[in-house]
Structures are given as structure tokens and as C-alpha cells.
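In: Predicted model and sequence below, questions to follow.
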Amino acid sequence: MQKEIILTTKEHNELIDITKEVEKIVSESKVKHGLCNVFTMHATAAILINENYDINIREDIINTLNRIIPEHNNYKHDQIDNNAASHIKAAIIGPSETIPIKDGKLLLGTWQQIAFCEFDGPRSNRKVIVSVK
Amino acid sequence: MQKEIILTTKEHNELIDITKEVEKIVSESKVKHGLCNVFTMHATAAILINENYDINIREDIINTLNRIIPEHNNYKHDQIDNNAASHIKAAIIGPSETIPIKDGKLLLGTWQQIAFCEFDGPRSNRKVIVSVK
Amino acid sequence: MQKEIILTTKEHNELIDITKEVEKIVSESKVKHGLCNVFTMHATAAILINENYDINIREDIINTLNRIIPEHNNYKHDQIDNNAASHIKAAIIGPSETIPIKDGKLLLGTWQQIAFCEFDGPRSNRKVIVSVK
């Protein structure tokens, strides 16, 4: 079973919690034991798992990535499309996560939520594919 | 088939080789060709694959992460729980790896071992879920 | 279904687009809906997904990794094998990606290609395992 989540982002760099949407798809799939792959179809976005209860963590992650991979740091792709830093962040974090399913539920820890990472927003029609097997 | 590995860690930052434990679960599963997903249920831990024969590599990886993501570097989450660097390291390395199985064995290269990464230890009851399909 | 891709690399750090080779294996597998795992069996190489149309992005990614993880930066493993930076890059990027398959095709976005990352070349006989389920 495969379903799409469509997102609109508001910031240039933004982490959006999609755990509830992914859990709903897992529940609808009726798969009891298996794997759930969450994949975003963009080269300037990524999927990341971490804590979302303290929303400061999202900001700490974004600030750290901005420090490690600064905007417009003599990148060659900036001469073409001016968003090289967005691509590099997406490449390093990666487009997917694969999570176990047990008793029909995502086996996430208490402090783990699934985040869509926007690194080149704001954008509409950002796609995440959720595959349950 | 899904099984849990439970770990106790001794250091604040520590890489623990869990290859043998994962191989044992793959062997018990009797799956001949498929995939093995190794997932840790924590927001301050991660799963990483690299060489473990020279244990210096583990230290080089930890030292590099500590240099890139220093402790207490004006993180907002440090005001709540004082472990922001642990979360950021876990987010960047990621909670899982998915490894092919061939002829009933993990298809790891000679120099590849699976490590549980503790970034907020010492801790007990650290959980790793191994799913074989 | 599992197949191997064998690569020869020419540079010390190099990103090689393997999307066509992976797509061919997916097509041959006749799997209509499922997952494709791309895994490299080396501790100094990795698999990464990003844009390849502007080949400058590959260079920006390599230059950024070289800046974050410089060669011979007092690493302990350099006393054994002199390639610690290669291991650290491979560990952070990771050896695999898992991509959804829909209607018999890899569900990559327009700007997403699959790259084998060489971090310790030039080398021959670099192996990538493609598993389709």
C-alpha cells in the first residue's frame, strides 16, 4: 500500500511534523507487522526523525544545519539556481526513513516524531510517499 | 519477524557494535533473501554502519561529531533538557539502516559493522528493533 | 530479487549517477508496487540521492564534505590506514537508500538521482546491491 501526503510550507527552512498523517496511513493499510517507508520526492527536502514535543529542537536542528552548510558559500550551483545549500542539506539528511510496524502501529519511541524538512521553501505541492509492506 | 536488542551504555558518546546480535536474529528468522531493518527507538541515539576492526574509527567519528555539533552551543533545547547536541547528532545520523539479506546472511562488506550510537549516555534500556522480511 | 552493480571509480572523492542501472534492475524484477533498497558494501563509500542535472551540485556536495570533514585532521585511524576522513564521510552519508516503486517504476522526483559516493578512490570492484521487494 502506497499513499501520498501533500504539504505546503511557509518558511525557507522548516520542519513539519507528519507523524499523525503517516500513522493514519499505517492504520488504513491493516498491515500488522512490517515496515513503513517515508520518502520525499524532492532534492531540496528531506525526512528526519527526532523529538517534536519541545519545538525548540526543530529550531536547534535548522540553526545547526545553517551553521554547518551556510547559504551562498561559494557554491557552483548558486550560479545556476541559487539554492545549493538547500540541495546539500537535503543530500546529507536524506529523503527517507524506514520504520518498523508492530501490532498495526509504527514502532516509534516516545520522543520520536517524523518530520518533513523543507530546505528551500516556501513551496506548495511538496510530496511525501508512504509505503507500507 | 521482529526482535528487540536491549543495551546498556557506559559513556556519554559511545558506538557499540551490534552486528553479531543482528546476524543472530537474521539467522533465526530463516529468511533467505530479503531486507533487514535495524531501528533504534530513541531521539538521542542512532544506527550507523562503518568499520569496527580498528576501534579508533569509532573515536574519530565521535570526535568529528563533537567538533561539528559542540555541546551547549547556544541551543534553545538546552534550557529545557540540556541535551540539544545529543538530539542534533541523532537527527543527522538517523535512527535506522536497512541491509540486504542474501542466502540467509546479512550482505555486509568485510569492513562494515553495525553500530548503535549512544549520544546521551550513560543509559540503560536502550532499544533496537530488528525487522527481517 | 537482488542484483549487483560493479563500479570503477576515478577520483578520490566522486559521485557517480547509478539511477539508470537501478531502474533497469527494478524493471527486470517485474515488481509493480514495493520498495527498492540500494546498498553499498564499503566502509568508505555511500549512497546519496540528489540532483544530477546540474553536475555542479555533486562538486558542491563533495567540497562541503571536505570542508566539514577535512583530510588528516588528527584522526587516530590515520596512523593505521590514513583514510579516516573517508570512513567518517561514509558513516555520516550512510551506505543505503530505500525508494518506493509504483507501477513498476522508481518513484523518484524529477530532480532526484541516485549517486554512488566514492570517498576513498580511485578503486575498482566497488559493489552496490539493489534489492527489490
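Out: Okay, I see it.
In: Tell me where chain A has strands.
Out: A:2-7, A:14-17, A:34-40, A:45-50, A:96-102, A:105-106, A:113-118, A:126-132 (DSSP state E).
In: Any idea how far the shortest one is from the middle of the chain?
Out: Using CA atoms, centre = their mean, to the nearest Å, the distance from the centre of strand A:105-106 to the centre of the chain it belongs to is 18 Å.
In: Can you name every helix or strand that it contacts?
Out: helix A:19-29 (3 or more CB pairs under 8 Å, 6 or more residues apart in numbering or on different chains; DSSP states H and E). C-betas here are computed from N, CA, C, even on glycine.
In: Any chance of JSON lines for the strands of chain A, columns mean neighbour count?
Out: Below are the strands of chain A laid out as JSON lines (neighbours: other CB atoms under 10 Å in any protein chain shown):
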{"stretch": "strand A:2-7", "mean neighbour count": "16"}
{"stretch": "strand A:14-17", "mean neighbour count": "20"}
{"stretch": "strand A:34-40", "mean neighbour count": "25"}
{"stretch": "strand A:45-50", "mean neighbour count": "24"}
{"stretch": "strand A:96-102", "mean neighbour count": "22"}
{"stretch": "strand A:105-106", "mean neighbour count": "16"}
{"stretch": "strand A:113-118", "mean neighbour count": "25"}
{"stretch": "strand A:126-132", "mean neighbour count": "22"}
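In: Residue B:101 is nearest to which of those strands?
Out: Among the strands of chain A, the nearest to residue B:101 by CB to CB is strand A:34-40 (13.3 Å).
In: Show me what that closest one is in contact with.
Out: By CB atoms under 8 Å, 6 or more residues apart in numbering or on different chains, the list of residues contacting strand A:34-40 from outside reads A:18, A:22, A:25-26, A:46-47, A:95-101, A:106, A:114, A:116, A:126-133, B:35, B:37, B:131, B:133, C:35, C:98-100, C:107, C:109.
In: again, only this time at 6 Å
Out: A:22, A:26, A:47, A:95-99, A:101, A:114, A:128-133, B:37, B:131, C:35, C:98, C:100 (CB atoms under 6 Å, 6 or more residues apart in numbering or on different chains).
In: Show me what from chain A comes close to chain C.
Out: Proximity of chain A to chain C, by CB under 6 Å from any CB of the partner chain, involves residues A:2, A:37, A:39, A:41-43, A:75-77, A:80, A:84, A:87-88, A:91, A:95-96, A:98, A:129, A:131.
In: ok, 8 Å please
Out: Contacts of chain A with chain C, taken as CB under 8 Å from any CB of the partner chain, map to A:2, A:35, A:37, A:39-44, A:68-69, A:73, A:75-77, A:79-81, A:84, A:87-88, A:90-92, A:94-96, A:98, A:127, A:129, A:131, A:133.
In: For residue A:128, give its distance to chain B.
Out: 16 Å (CB to the nearest CB, to the nearest Å).
In: Quick one: residues contacting that residue.
Out: A:4, A:5, A:6, A:7, A:18, A:38, A:39, A:40, A:41, A:47, A:116.
In: Can you add mean pLDDT and distance to residue C:56 and give the strands of chain A back as a markdown table?
Out: As requested, these are exported to a markdown table (pLDDT from 0 to 100; distance: least, CB to CB, whole Å):
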| stretch | mean pLDDT | distance to residue C:56 |
| --- | --- | --- |
| strand A:2-7 | 98 | 28 |
| strand A:14-17 | 98 | 25 |
| strand A:34-40 | 98 | 22 |
| strand A:45-50 | 98 | 20 |
| strand A:96-102 | 98 | 24 |
| strand A:105-106 | 98 | 38 |
| strand A:113-118 | 98 | 22 |
| strand A:126-132 | 98 | 24 |
